[in-house]
Structures are given as structure tokens and as C-alpha cells.
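In: A structural model of the following input is requested.
(4 chains)
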There are 2 protein chains.
Amino acid sequence: MNDASPDPDKDPNLASAEIVAPPQSIDAFFTRLGSTADRLPKRLKQFANYIAANPDKVAVSTVAELAEGADVQPSAVMRFCQEMGFSGFSQMQKLFRSDYSQKWPDYATRLAKLREHGTESPSALLAEFVEVGRASLENLLTTVDPIALQQAVDVLARAETIHMIGFRRAFPVTSYLAYAFEKMDVPAVLHSGIANINMEHLIRPNDAVIAVTFAPYTEMTIDMATKARASGADIVAITDVVTSPLARLKAIQLLVSELDVGAFRALSASLSLAIALAVSVGAQRNRM
Amino acid sequence: MNDASPDPDKDPNLASAEIVAPPQSIDAFFTRLGSTADRLPKRLKQFANYIAANPDKVAVSTVAELAEGADVQPSAVMRFCQEMGFSGFSQMQKLFRSDYSQKWPDYATRLAKLREHGTESPSALLAEFVEVGRASLENLLTTVDPIALQQAVDVLARAETIHMIGFRRAFPVTSYLAYAFEKMDVPAVLHSGIANINMEHLIRPNDAVIAVTFAPYTEMTIDMATKARASGADIVAITDVVTSPLARLKAIQLLVSELDVGAFRALSASLSLAIALAVSVGAQRNRM
DNA sequence: ATAAAAATGGAATTTATATTCCAAACGCGG
DNA sequence: CCGCGTTTGGAATATAAATTCCATTTTTAT
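Out: Modelled structure (predicted):
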């Protein structure tokens, strides 16, 4: 601040410690963290990532505990705090603690508070989807038959190639399956309908198909699954009710009843089912 | 209580300090507090009332601070803790601290266990994903800043065209956004990277971009978002932590911390956030 | 390749905090 | 109103935590 100071030797510490005001709020802290994280040396960045991922731990932990959690030395924590503009850890913790009581009310009360705002605000809508998603997940464990799930895994683990079919609202599910299978080196084809070429003829008798569709059922999914069935492939159906058109195909059915918010659903349950299925198949294939 | 004690002189401390197990949960603590509060002497009751009124302060305060808040001496606080069955204040505080972050940390160990046991039955794995998904959803309400969410909606509602960028594990999110926007007649482009053509030049100054990426961040997403930013478009980032590379772009950040099961996550929270965002944008655009 | 600068790990030190102790005050039964 | 057990306030002590320091390693620049 006072560059013209005639006594540079009066306080030699000023040279090394840059004078920056400490963040005054958690928001300001994270903003600064976001903009300075890259410039930080290895260990400090490591710690920065840790508290970015575990911000709630800061208020209730000691330096030693945080250091261990982030796998750095306590002194690195101190250096980090100073780098962020605080005099030390205690000052930084004080900031986090002052904010702490706001988070105290548990999930239920926070949810209720958000809903009071009416359906107007985006966060009220978010709360709605969160609540519906939770309910759908709970349901999932009862609607999915464990035996059918095991059968599906067996069939898919045995298949030469796995084909995923699902469009529109089901496409996030199939694309996530494709990602998971690719990561686990499971031969799998995502039928995306791109360029209006459908690659039905790729489906061979020893293959298996995961068909995903919800009401109102996309016709192309039904068509392709039907043809695949005709050529001898096994079908695993992820769908919503037993009366789904996929039922006719003697498919192994995995039922997901997802609740709507207005005209949309959160897909939480479908995605969870899909990823559990994929991981199980990957694991079982590795065992063979 | 034990008047018939045969050895009152053996250990005189036993007479005053009753041997009772410490409460194992916050609930148990308050239950015991309720039933014993009347029997307590004046100062201890005074402190009990303070705790009952300010339960959130215990985890983040020192003995001295609490004592001052309740207008009692620190030694009274100690006596209170011992009266409740704890060895001292530290033990009691530990209870209050662990209860707060309960949901998150012990998942890490549980999941590690699951990993070692090899993957058990598919339905057990499904149960894991369901539970983790539920926890992620609960957390979503605290990690997403309502103000940032509202800003994101404003920006996207104002945009001429909305561009969605997100690959690999983020692609289910962007593809679902694309579906939702299409259904609501919102002009939106899904940048799928198909045919290795990226349509960056499509992004105009009055457009907005939704960029979705999680650690380890896909480079193409960062690149495209950076270029979009350079050409003047607004960026809404759906990512995991503030230290995400998207932070540098002055993006509006919506943070989702999703837990892994093994190498995968359920995406429940991300999808819920995405759909809430999309529906809000659709609604707001209709109002204009 | 070498020197200079920066970063790191771990121990030493300082500071803060919990906990104990005891003398004084209080309340209660005789 | 006196003696005795209980409670209280405050200081003294013990413990735990934060902070600093420095020798060693790693990185960067030349």
C-alpha cells in the first residue's frame, strides 16, 4: 500500500507476504479459489481441490484432520490459508463457522422452505425434482425384480455384442450405458439413429439388446427390438409398466416407474438402474 | 441413586460422577436432556436451555464461547457435559460434529468395502446406487446456489440460441437437455462432436452455452466453452467443484457433487439439476 | 549442467483451548 | 442461627491445536 515507505527494513515480512484482504464471505472465498487455483503449486492445489470437494468439513475439522484428508502436510494447509489472504487457518475457519448455522436445518426443513416460495422460482422447481427423484429411487428397489435383474446381467454378460436402443427421453439412458460399457471394454453399440441409418442388420443371434422406452413409446425402438428378437437376439427391456409393447417380445423386463413433475421426469431411477446393470455386466464379464 | 453402596470410601469420585454411557446420537442427547433438565441445578439448567435453543452452535464453538453465550462459567459447561454422560466437552462436541457430516464420509468407506468384496449381486449394487443417488440429491439443494440458478435461467431465457456442450459421462445430461428444449420449442443445439465436426462457429454473441463437465474434465468441452466465451456468449457451467477449469471463464456455476460407486456415478443429481434448469428456462421464455 | 528460486515435509515452538482444582457462596435441615 | 453438603466462580494446569521455522527436495531459468 505504502510503497514510498522510507523504512523498508522496519518490517521485512511485508516483502514476502503479499497484502491481500481476506475474503469476507464463503462465496468470495470460493470465487477467489476458483480464479487462483491454477496458479497454486502442487500440494496447495491438491488441498484446494479437497476443500472445494468438501467445503462442509472446514468448519468442524482441525488443521491436522484436513491435512490428512487431503493427504498433505499441516504446514501446506497453513500456506494455503495464507495464500488465500487469511492470517492463518483460524481466521479462515472463523469465516466457515459463521456460515455454518445456515446449513444446520436438515434436508426436510430446507426442502419445505424452498417449496414455500411457490412454484415460481427455479430453486423451488429444483426442490420439486429432487423430491420426486428421491421417491422414484425408493420405488425402484421395489419395482425391479432382483431375479429379472440377475437374468438380465447373465444374458448381457453372455452376449457377444450388446446393442443399446433408445431415443428421445430414453436416449440419456442408452448413451450413459454406452459410456459405461466403453469404459469397461465391453463390446457395445449405441444405436443412435444417426443419419437415419439404422443398423439393425448388425444384430446377430448371439447378441443381446437393451431396449429403453417409456410411454408414449417411441415406435422406432419397438420396431428395432422386434426385428432383433426375430433374428434371435435376447432382449432386456427397461420400461415403465408391464403392458409396455416390449412385453410381447418375451423380453426380460426391468420396470422403472418414474414420477413426473409437469411434463418431465428426472430420470434418476432409470439412470441408476442402467448404471447398476452396466457395472454388474462388466464385473461378470471380467470373471469369465 | 445407589444408597446401599457398600464401599463409599473405595473411590469417592464414583459417588458424584454417575456412570452412564454417553448418548450415541444427537437425538439420544436431546431425549436425555429433556428428561434430566429439571433435576439440574440452576446454572446447568441455564446452559441446557441455551443448548436447546442453539443446537447448531455446539459443533463450531469453544467452551468459552458457549459459556459466554449462555452467561455461565466455562466450568459449568464442563460439569454439564459430564452430567450428560460425556467425559468432557470435547467428546460431546465430537458427537455434534460427526452427526453433521454423517451422510457423506462413511459412504466413502462403505463403498471401498463394496469394491474389495468384488461386486456382489446386481441388486446389491443397485441398492448402492440408489442410496448414493438419494444422498446426492439431498446434497444438491445445498450445493446449488439459488441465486446462481436464477441467473442461469435469466441468461438462458434471454439467449437467442442455447448451445449444449458435454461429452462422455456428461453427454446424458446434455442430451436430456436437448430433448427437453426441443419439446418446449426452445431453439437449442446439441454439440455432439459427431463426425468430428464441431460447430463452434455457430455460437454467436447473443447465444448462451451450457457446458457440462466433471473431473477428469474433457478437454474438448473446455476448449469449446473457452472459444464460445471469447466470441461473447454467456456460459452456464454444470460442474463438480469451484476449481473446475470452467471457473476461469466467468461462467455462472452450478455445482453438483455426485458420489462415485466404484468408477461410476448415478448422475441423478446432475440430471435433476439439468431438467429443472430446462423447465425453468422454458417457462420463463413463454412469459416473455 | 549448474545455480538460483520455489516448494515441501517434518519437527520445534507458540498459542489457544479444555479441563481440573479449590476456595467462597449458597441453600437446607436441624 | 449454625453446620454440612452442594453449587458456583475463577484461577491454575494440562492438553491439544495452530503456527513457524528450517533443512531437504524439486523445479525453473540460464
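In: got a list of what residue A:266 touches?
Out: Going by CB atoms under 8 Å, 6 or more residues apart in numbering or on different chains, residue A:266 touches A:129, A:130, A:132, A:133, A:136, A:258, B:268, B:271, B:272, B:275. (Glycine included, C-beta is placed from N, CA and C.)
In: quick one: contacts for the residue nearest to the fifth one when sequence neighbours are not counted?
Out: Which is residue A:136. Distances taken as CB to CB, 6 or more residues apart in numbering or on different chains place residue A:269 nearest to residue A:136, at 4.1 Å, with adjacent residues excluded. By CB under 8 Å, 6+ apart, the contact list for residue A:269 reads A:133, A:136, A:137, A:139, A:140, A:256, A:257, A:258.
In: pLDDT of the helix or strand harbouring residue A:269, averaged?
Out: Using DSSP states H and E, residue A:269 falls within helix A:268-287. Helix A:268-287 shows a mean pLDDT of 93.
In: quick one, helices of the stretch 51-200 of chain A?
Out: Applying DSSP state H, counting those that start in this stretch to the stretch 51-200 of chain A gives helices spanning A:63-70, A:74-83, A:89-98, A:100-103, A:107-116, A:122-143, A:146-158, A:171-183.
In: which of those sits most buried?
Out: Most buried of these, by mean neighbour count (mean count of other CB atoms under 10 Å in any protein chain shown): helix A:171-183, with a mean of 23.
In: so that helix versus helix B:171-183, what angle?
Out: Helix A:171-183 and helix B:171-183 meet at an angle of 160 degrees, taking axes from the mean of the first three to the mean of the last three CA atoms, to 10 degrees as the criterion.
In: where does the stretch 1-150 of chain A have low pLDDT?
Out: A:1-19, A:104-105, A:117-119 (pLDDT under 70).
In: Any residues of it in contact with DNA strand D? List them.
Out: Selection of the stretch 1-150 of chain A residues close to DNA strand D by CB under 7 Å from any atom of the strand yields A:62-64, A:74-75, A:77-78, A:81-82, A:87-91, A:93.
In: Pull the most distant pair out of those residues.
Out: Maximum pairwise distance among those (CB to CB): 18.9 Å, between A:64 and A:87.
In: secondary structure class for residue A:205?
Out: coil (DSSP: H, G, I helix; E, B strand; the rest coil).
In: how about the closest residue to it other than its chain neighbours, phi and psi?
Out: Nearest residue to residue A:205, sequence neighbours excluded (CB to CB, 6+ apart): residue A:232, at 3.5 Å. The phi/psi pair for residue A:232 (degrees, to the nearest 10) reads phi 100, psi 0.
In: Go ahead and confirm residue A:232 touches residue A:208.
Out: No. The pair residue A:232 and residue A:208 fails to qualify as a contact (CB atoms under 8 Å) at a distance of 10.5 Å.
In: Contact residues of the stretch 1-150 of chain A facing DNA strand C?
Out: With CB under 7 Å from any atom of the strand as the criterion, the stretch 1-150 of chain A meets DNA strand C at residues A:41, A:42, A:43, A:44, A:72, A:73, A:74, A:75, A:76, A:79, A:90.
In: Any chance of a markdown table for those, columns distance to residue B:188?
Out: Formatted as a markdown table, those follow (distance: CB to CB, whole Å):
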| residue | distance to residue B:188 |
| --- | --- |
| A:41 | 41 |
| A:42 | 40 |
| A:43 | 42 |
| A:44 | 39 |
| A:72 | 43 |
| A:73 | 48 |
| A:74 | 49 |
| A:75 | 49 |
| A:76 | 44 |
| A:79 | 45 |
| A:90 | 48 |
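In: Of all pairs in those residues, which one is the farthest apart?
Out: The largest separation in those, counting by CB to CB, is between A:42 and A:90 at 24.8 Å.
In: Just to check, residue A:76 is in contact with residue A:43?
Out: Yes. Here residue A:76 reaches residue A:43: they are 4.6 Å apart, a contact under CB under 8 Å.
In: Need the max-distance pair from the contacts of residue A:266.
Out: Longest span within the contacts of residue A:266, CB to CB: A:130 and A:258, 13.7 Å.
In: how about the helix holding residue A:269: buried residues?
Out: Within helix A:268-287, the residues scored as buried using 16 or more other CB atoms under 10 Å in any protein chain shown are A:268-285.
In: Then stretch A:221-240?
Out: A:221-222, A:224-226, A:228-229, A:233-240.
In: Relative to DNA strand C, how far out is the closest residue to residue A:146 other than its chain neighbours?
Out: Counting by CB to CB, 6+ apart, the nearest residue to residue A:146 once its immediate chain neighbours are dropped is residue B:123, at 4.0 Å. Going from residue B:123 to DNA strand C by CB to the nearest atom of the strand, to the nearest Å gives 42 Å.
In: and if you look at residue A:201?
Out: 56 Å.
In: For that residue, give me its contacts.
Out: Per CB under 8 Å, 6+ apart, neighbours of residue A:201: none.
In: hang on, it in a helix?
Out: Yes. Using three-state DSSP, the assignment for residue A:201 is a helix.
In: Give me the distance between it and residue A:160.
Out: To residue A:160, residue A:201 is 15 Å away according to CB to CB, to the nearest Å.
In: can you check residue A:65 too?
Out: 51 Å.
In: Distance from stretch A:175-186 to the middle of the chain?
Out: Mean-position distance between stretch A:175-186 and its chain equals 15 Å (CA atoms, centre = their mean, to the nearest Å).
In: Send me it as PDB with only the CA atoms.
Out: Extracted in PDB, the C-alpha atoms of stretch A:175-186 (Å, rounded to 0.1, in the frame of the first residue of the first chain):
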ATOM      1  CA  SER A 175     -25.900 -43.000 -24.000                       C
ATOM      2  CA  TYR A 176     -24.800 -43.500 -20.500                       C
ATOM      3  CA  LEU A 177     -24.800 -47.200 -20.900                       C
ATOM      4  CA  ALA A 178     -22.600 -46.800 -23.900                       C
ATOM      5  CA  TYR A 179     -20.200 -44.700 -21.900                       C
ATOM      6  CA  ALA A 180     -20.000 -47.200 -19.100                       C
ATOM      7  CA  PHE A 181     -19.600 -50.200 -21.500                       C
ATOM      8  CA  GLU A 182     -16.900 -48.400 -23.400                       C
ATOM      9  CA  LYS A 183     -15.000 -47.700 -20.200                       C
ATOM     10  CA  MET A 184     -15.100 -51.300 -19.200                       C
ATOM     11  CA  ASP A 185     -14.100 -52.600 -22.700                       C
ATOM     12  CA  VAL A 186     -17.400 -54.300 -23.200                       C
END
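In: Test my guess that residue A:285 contacts residue A:186.
Out: Yes. With contact defined as CB under 8 Å, residue A:285 counts as touching residue A:186 (6.0 Å).
In: in the stretch 151-288 of chain A, what residue is nearest DNA strand D?
Out: With CB to the nearest atom of the strand as the measure, residue A:183 is the residue of the stretch 151-288 of chain A nearest to DNA strand D, at 29.3 Å.
In: Which residue comes closest to that residue once chain neighbours are left out?
Out: Residue nearest to residue A:183 in three dimensions, not counting chain neighbours: residue B:263, with 7.0 Å by CB to CB, 6+ apart.
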